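Enquirer: Task: produce atomic coordinates for the following.
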Amino acid sequence: MNWEQVEGNWKQFKGKMKEAWGDLTDDELDQVAGNREQLEGKIQEKYGKSKEEAKQEVDDLIEKW
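Expert: Have a look, this model is predicted:
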């Protein structure tokens, strides 16, 4: 799966993101609305991750989906 597919299936993918990053609220995920950089930024903020760590976690979740 690639990011374009995630954008096209955002509502379904949102559930997977809630499982992976439970501290992200529905409102935050709605604000991100398919923008990968914003999602990675939210993960960095909430979990104290580096940019590279957040990117890798998003990549890992996409691969699993």
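Enquirer: element containing residue 12, please.
Expert: Here residue 12, judged by DSSP states H and E, is contained in helix 10-20.
Enquirer: In that helix, which residues are buried?
Expert: Of the residues in helix 10-20, 13, 14, 17 count as buried by neighbour count, 16 or more other CB atoms under 10 Å. Just so you know, the C-beta spots here come from the backbone N, C-alpha and C atoms, and that holds for glycine as well.
Enquirer: tell me how far that helix is from the chain's mean position?
Expert: Counting by CA atoms, centre = their mean, to the nearest Å, helix 10-20 is centred 8 Å from the centre of its parent chain.
Enquirer: in the helix or strand following it, what's buried?
Expert: Next helix or strand after helix 10-20 toward the C-terminus (DSSP H and E): helix 26-32. By neighbour count with 16+ other CB under 10 Å, helix 26-32 contains the buried residues 28, 29, 32.
Enquirer: if we can go back for a sec, let me know the closest of the buried residues of helix 10-20 to residue 63.
Expert: Within the buried residues of helix 10-20, the smallest distance to residue 63 is 12.7 Å, found for residue 13 (CB to CB).
Enquirer: now the closest one, nearest residue through space, not along the chain?
Expert: residue 6 (5.1 Å; CB to CB, 6 or more residues apart in numbering).
Enquirer: Help me confirm that residue 62 comes into contact with residue 4.
Expert: No - the pair residue 62 and residue 4 does not pass the contact test of CB atoms under 8 Å, sitting 10.7 Å apart.
Enquirer: quick one: which of those two has more around it?
Expert: residue 62 (16 against 9; other CB atoms under 10 Å).
Enquirer: residues in contact with the top helix by length along the chain?
Expert: In the chain, taking DSSP state H as the definition, the longest helix is helix 51-64. With contact meaning CB atoms under 8 Å, 6 or more residues apart in numbering, helix 51-64 is reached by 1-3, 6, 16-17, 20-21, 36, 39-41, 43-44, 47, 49.
Enquirer: now the buried residues of helix 26-32 in JSON lines, with distance to residue 55 and pLDDT?
Expert: Output for the buried residues of helix 26-32, formatted as JSON lines (distance: CB to CB, whole Å; pLDDT from 0 to 100):
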{"residue": "28", "distance to residue 55": "18", "pLDDT": "94"}
{"residue": "29", "distance to residue 55": "17", "pLDDT": "93"}
{"residue": "32", "distance to residue 55": "14", "pLDDT": "92"}
